[in-house]
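K.L.:
below are the sequence and a predicted model for it; my questions follow.
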Amino acid sequence: MSRIVKPVLFLWIILLLHTLIAQAQSSVKNNDLVQFSGVVMEADSIQPVFYATVKAKGTARGTSSDVNGFFSFVAKKGDTIGITAVGYQPTELLIPKDLAENQYSVIQFMEKDTILLPAATVYPWPKPIELKEVFLSIEIPDDDLQRARRNLDREKMREIGETLAMDGRENFKFQTQQYAQKAYYAGQYPPMNIFNPFAWVEFFKALKRGDFKKKKRRRKK
């Protein structure tokens, strides 16, 4: 029995020492970790910089600021933190190595970055003479005012009025006038315009104007 117990006891002691060493190393590593939090803001207007990238340089640890400019992630003491955002100058900060606590908070201001692009001139045609030829031959479409003037032309409206049939409102008005005239002369003979001198005057005026001549319609090309 003693031959079996001694090796088992020896292995148990080695396993216990290995566990204690691992716990000690883990406690040392955990002491290096720090909850790094902060707010990213504009330097001139104190407005939050949202969706800024906050990352520990040389590592994959990092996060992005929210709509209020707030961020928080686990970093290590002594890490160099890089903060970048579109339209702002990149900045860096260092987490102190001698922190007594495992929490570290900052308010980081960022300066706006102005990027000047070189001027670019766009030419649609390789030669200026081609631009002149196209510009002179282009047909500019009519605007709303020109279309309104063309549609309200008196000659055109007169041609349309001669061929356009009466709508429902005009037919109703005509029939109502006919019924009213019949009701007015009910029980008696209606007057005959052939004996009306005013009607003859209007007839001769219309005859001189040529109202009874057949008008030739213009053919559209």
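P.N.:
Received the coordinates, thanks.

K.L.:
going forward, measure contacts and count neighbours with C-alpha atoms only.
P.N.:
OK.

K.L.:
which parts of this protein are helices?
P.N.:
Along the chain, counting by DSSP state H, helices occupy 2-32, 128-137, 144-151, 154-163, 168-184, 197-209.

K.L.:
from the chain's centre, how far out does the second one sit?
P.N.:
Its chain's C-alpha centre and that of helix 128-137 lie 35 Å apart, by CA atoms, centre = their mean, to the nearest Å.

K.L.:
and it, C-alpha only, in CSV?
P.N.:
Listed in CSV are the C-alpha atoms of helix 128-137, where the atom choice follows Å, rounded to 0.1, in the frame of the first residue of the first chain:
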residue,chain,number,x,y,z
PRO,A,128,-14.1,74.1,-76.7
ILE,A,129,-15.4,74.2,-80.3
GLU,A,130,-17.5,71.1,-79.7
LEU,A,131,-19.1,72.6,-76.6
LYS,A,132,-20.0,75.7,-78.7
GLU,A,133,-21.6,73.6,-81.4
VAL,A,134,-23.6,71.5,-79.0
PHE,A,135,-24.7,74.6,-77.1
LEU,A,136,-26.0,76.4,-80.2
SER,A,137,-27.8,73.3,-81.5
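
K.L.:
now the lengthiest strand in the chain: average pLDDT?
P.N.:
When the chain is parsed with DSSP state E, its longest strand is strand 33-42. Model confidence over strand 33-42 averages 92 on the pLDDT scale.

K.L.:
same question, stretch 55-67
P.N.:
Taken as a whole, stretch 55-67 carries a mean pLDDT of 92.

K.L.:
dump the C-alpha coordinates for that stretch into PDB.
P.N.:
Presented in PDB, the C-alpha positions along stretch 55-67 are these (Å, rounded to 0.1, in the frame of the first residue of the first chain):
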ATOM      1  CA  LYS A  55      -8.900  51.300 -29.200                       C
ATOM      2  CA  ALA A  56      -5.800  50.200 -27.300                       C
ATOM      3  CA  LYS A  57      -2.900  50.400 -29.700                       C
ATOM      4  CA  GLY A  58      -1.300  47.100 -30.600                       C
ATOM      5  CA  THR A  59      -4.300  45.100 -29.400                       C
ATOM      6  CA  ALA A  60      -7.800  44.100 -30.500                       C
ATOM      7  CA  ARG A  61      -9.400  45.700 -27.400                       C
ATOM      8  CA  GLY A  62     -11.600  48.700 -28.100                       C
ATOM      9  CA  THR A  63     -15.100  50.100 -28.600                       C
ATOM     10  CA  SER A  64     -17.000  53.000 -30.200                       C
ATOM     11  CA  SER A  65     -18.600  56.000 -28.500                       C
ATOM     12  CA  ASP A  66     -22.400  56.100 -28.500                       C
ATOM     13  CA  VAL A  67     -24.600  59.100 -29.500                       C
END
